[in-house]
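[1] Sharing a model prediction with you, sequence too.
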Amino acid sequence: MRSNALLRELVAQAKPEGGFPDEVRAKAATCLADFISCAIEAADLPWSRQALAVAVGGNGPCAVIGEAATVGALDAAFANSVRGHGLVREDMHAGSISHMGVVVWPVVLALVAENPDLVADPLEAAIAGYEIGGRVGRALITPDMARRFRPTGLIGPLSGALAGAILLGLDQDKTVNALALAANAFGGLNEWPHSGADDMYFHPGFAARNALSAVKLAALGAKGSDSALDGVAGLFPAFGIPLPTERISLYPNGTFEIMAVFNKEVPACNFAQSPCQVALAAINRVGDGDSVEKIHLSTYNAALNYPGCNYRGPFETPLQAKMSIFFGMAATIARGEIAQANYALLNDAAITDLIDRTTITVSDWLDGAFPARQGAELRLETKRGEVIVELLDDVRSASPELVRKRLADAAAIRLGKQQAQQIELAIENLTKSGASARAVAALEQLCRTGGGERAV
């Protein structure tokens, strides 16, 4: 049987020499906190309720975040993934234009709920999931592909499958099979920004459920093509993407892809982050009694070419607004803050007026710096003749402190202050070396309403 070996090579590298540094574990814990925070805050949004309705009906031990219900692992992975993506504030890996956390964490949480006595460290399994998604995604996802296909739907199944296989302690052959089956389960079209539909919210849910299915099938002995990445009809050739001349590897030179992930400040598209950040800095410098006359943003090609980012309106749904760089900047300037509430003001006259006063062009130096850096430069002219320039050479990540605060606030509102404090302590304990599956299983139950009474 023919094998091009890339998949086997990657699986053989899944555990890095020297283990996982403390700062990498801390980053993983922050990403987990961010995922839970987003899922709790999005619990009552329409797509979250729809995903819950699909999930409820089967029995199982797994929590749906922010609900009393427990369901089976596949249903929980789907429902929690959709929730984690519901605010469009999920963590972001720019090099692959992907959101791996909304696939990896639902798989990890579902498996520890089913199997709290697993030996593997859940944080280390998750870090490996981010790693393979980041390395394969950097090579696979081109700007042209990202305009048509959803990157998270393409690499998310691989990320979730490796995390799940490591967590279950599958041997190398079964792990290869899990990843090979997951490579067959990619999907997600980027038509939704053009139509204003809801497809996007469900893409990571499909990826998480498919990743978990692939792991479970492999554990039962199902075989996948170990040339599923680089064979004649593997993932790369199927999309016409040549493999890089330098062989893809995990953790090269002791680097970790999860450290390239940033946690969003803005509850909107990745490419709207730094534009909103410079817009907030600029409006804070406008004098009392003065107002905005003209706005000009310099950005990079990938931002303007990603579906929905260059859209000026009219806006029929919050998702259209969250994708639009024009709307994000205008709403930030109009309201003087970055907030979820901005994206409910779809027909606000002040925002519409500011969009009409806005132009955007591509800067050669910002374009050349992408994807290593995602900068923005804003020039704001006021009616009194002031010129304000704000520059970010790279997107600013939400700090770990902000991530923890958002989680504490959201959990206190939905789950109660005592349970929120228990969640905070549980996540803090995970940063220590050797976090157990039982500890993460207890955290998973704490994310339920009333979950403090049933923690594992």
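    Looks like it came in fine.
[2] Quick check: most distant residue from the centroid of this protein.
    Distance from the C-alpha centroid of the chain peaks at Arg384, with 41.6 Å (C-alpha atoms, centre = their mean).
[3] three-state assignment of it?
    Put simply, Arg384 is coil when judged by DSSP: H, G, I helix; E, B strand; the rest coil.
[4] Number of residues surrounding the closest residue to it other than its chain neighbours?
    Computed as C-beta to C-beta, 6 or more residues apart in numbering, the closest residue to Arg384 that is not its neighbour in sequence is Asp290, at 4.8 Å. Heads up, the C-betas are built off the backbone N, CA and C, glycines and all. The number of residues packed near Asp290 is 14, by other C-beta atoms under 10 Å.
[5] got a pLDDT number for Asp290?
    Among the per-residue scores, Asp290 shows a pLDDT of 97.
[6] for the one 10 residues further on, same thing?
    Confidence at Tyr300, expressed as pLDDT, is 96.
[7] any idea how far it is from Cys269?
    Computed with C-beta to C-beta, to the nearest Å, the distance linking Tyr300 and Cys269 is 14 Å.
[8] Glu191 versus the residue farthest from the centre of the chain, what's the distance?
    44 Å.
[9] Surely the residue farthest from the centre of the chain is in contact with Asp288?
    No. Using C-beta atoms under 8 Å, Arg384 is not in contact with Asp288, being 10.7 Å away.
[10] quick one: the residue nearest to Arg384 from Leu354, how far?
    In this view, Asp290 and Leu354 are 14 Å apart by C-beta to C-beta.
[11] How about Leu170?
    Distance, Leu170 to Leu354, using C-beta to C-beta: 53 Å.
[12] So which of those two has more stuff around it?
    Using other C-beta under 10 Å as the criterion, Leu170 and Leu354 rank with Leu354 on top: 24 against 21.
[13] who are the neighbours in contact with the more buried one?
    292, 295, 329-330, 333-334 (C-beta atoms under 8 Å, 6 or more residues apart in numbering).
[14] neighbours around the closest residue to it other than its chain neighbours, how many?
    Of all residues not flanking Leu354 in the chain, Ala330 sits nearest, at 3.8 Å (C-beta to C-beta, 6+ apart). For Ala330, the tally of surrounding residues (other C-beta under 10 Å) stands at 30.
[15] Got phi/psi on Ala330?
    The phi and psi values for Ala330, taken as degrees, to the nearest 10, are phi -60, psi -40.
[16] now the helix or strand where Cys38 lies: how far from the chain's centre is it?
    Using DSSP states H and E, Cys38 maps to helix 22-41. Its chain's C-alpha centre and that of helix 22-41 lie 11 Å apart, by C-alpha atoms, centre = their mean, to the nearest Å.
[17] moving C-terminal of that helix, what's the next helix or strand?
    Toward the C-terminus from helix 22-41 - assigned by DSSP H and E - lies helix 46-55.
[18] List the contacts of that following helix.
    Contacts of helix 46-55 (C-beta under 8 Å, 6+ apart): 42, 64, 67, 69, 71, 75-76, 78-79, 82-83, 86, 198, 201-202, 205.
[19] Export only the CA atoms of it, formatted as PDB.
    C-alpha atoms of helix 46-55 as PDB (Å, rounded to 0.1, in the frame of the first residue of the first chain):
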ATOM      1  CA  PRO A  46     -30.300  32.100  18.000                       C
ATOM      2  CA  TRP A  47     -27.700  29.700  16.600                       C
ATOM      3  CA  SER A  48     -26.800  28.600  20.100                       C
ATOM      4  CA  ARG A  49     -30.400  27.700  20.900                       C
ATOM      5  CA  GLN A  50     -30.700  25.900  17.500                       C
ATOM      6  CA  ALA A  51     -27.600  23.900  18.100                       C
ATOM      7  CA  LEU A  52     -28.900  23.000  21.600                       C
ATOM      8  CA  ALA A  53     -32.200  21.900  20.200                       C
ATOM      9  CA  VAL A  54     -30.400  19.500  17.800                       C
ATOM     10  CA  ALA A  55     -28.300  18.200  20.600                       C
END
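[20] now it against helix 22-41, angle please.
    Calculated by axes from the mean of the first three to the mean of the last three C-alpha atoms, to 10 degrees, helix 46-55 forms an angle of 90 degrees with helix 22-41.
[21] ends of stretch 356-369, how far apart?
    29 Å (C-alpha to C-alpha, to the nearest Å).
[22] Buried residues in it, which are they?
    Going by neighbour count (16 or more other C-beta atoms under 10 Å), the buried part of stretch 356-369 is 358, 360, 363, 366-367.
[23] likewise stretch 20-38?
    Buried, per 16+ other C-beta under 10 Å, within stretch 20-38: 20, 24-38.
[24] Farthest pair within those?
    Taking C-beta to C-beta as the measure, those span a maximum distance of 23.9 Å, between Phe20 and Cys38.
[25] Tell me where the stretch 201-350 of the chain has strands.
    Along the stretch 201-350 of the chain, the stretches classed as strands by DSSP state E, counting those that start in this stretch are 261-262, 292-299.
[26] Please identify the deepest-packed of those.
    Of the strands of the stretch 201-350 of the chain, the one with the most neighbours on average (mean count of other C-beta atoms under 10 Å) is strand 261-262, at a mean of 22.
[27] Need the contact partners of it.
    Counting by C-beta under 8 Å, 6+ apart, 27, 31, 91-94, 100-101, 130, 134, 395, 397-398 sit against strand 261-262.
[28] go again using 7 Å as the cut-off
    Strand 261-262 is contacted from outside by 31, 91-93, 130, 395, 397, using C-beta atoms under 7 Å, 6 or more residues apart in numbering.
[29] roughly how far is that strand from the heart of the chain?
    Distance of strand 261-262 from the chain centroid (C-alpha atoms, centre = their mean) equals 9 Å.
[30] ok, Ile248 touching Arg138?
    No. Using C-beta atoms under 7 Å, Ile248 makes no contact with Arg138, being 8.3 Å away.
[31] Spatially nearest residue to Met145 (excluding sequence neighbours)?
    Computed as C-beta to C-beta, 6+ apart, the closest residue to Met145 that is not its neighbour in sequence is Phe239, at 6.4 Å.
[32] no, scratch that, I was asking about Glu381
    Looking at Glu381 with C-beta to C-beta, 6+ apart, the closest residue is Lys294, at 4.2 Å.
[33] hang on, that neighbour packs against Leu378?
    No. With contacts counted by C-beta under 7 Å, Lys294 stays clear of Leu378, the gap being 10.9 Å.
[34] Perfect, that will be all.
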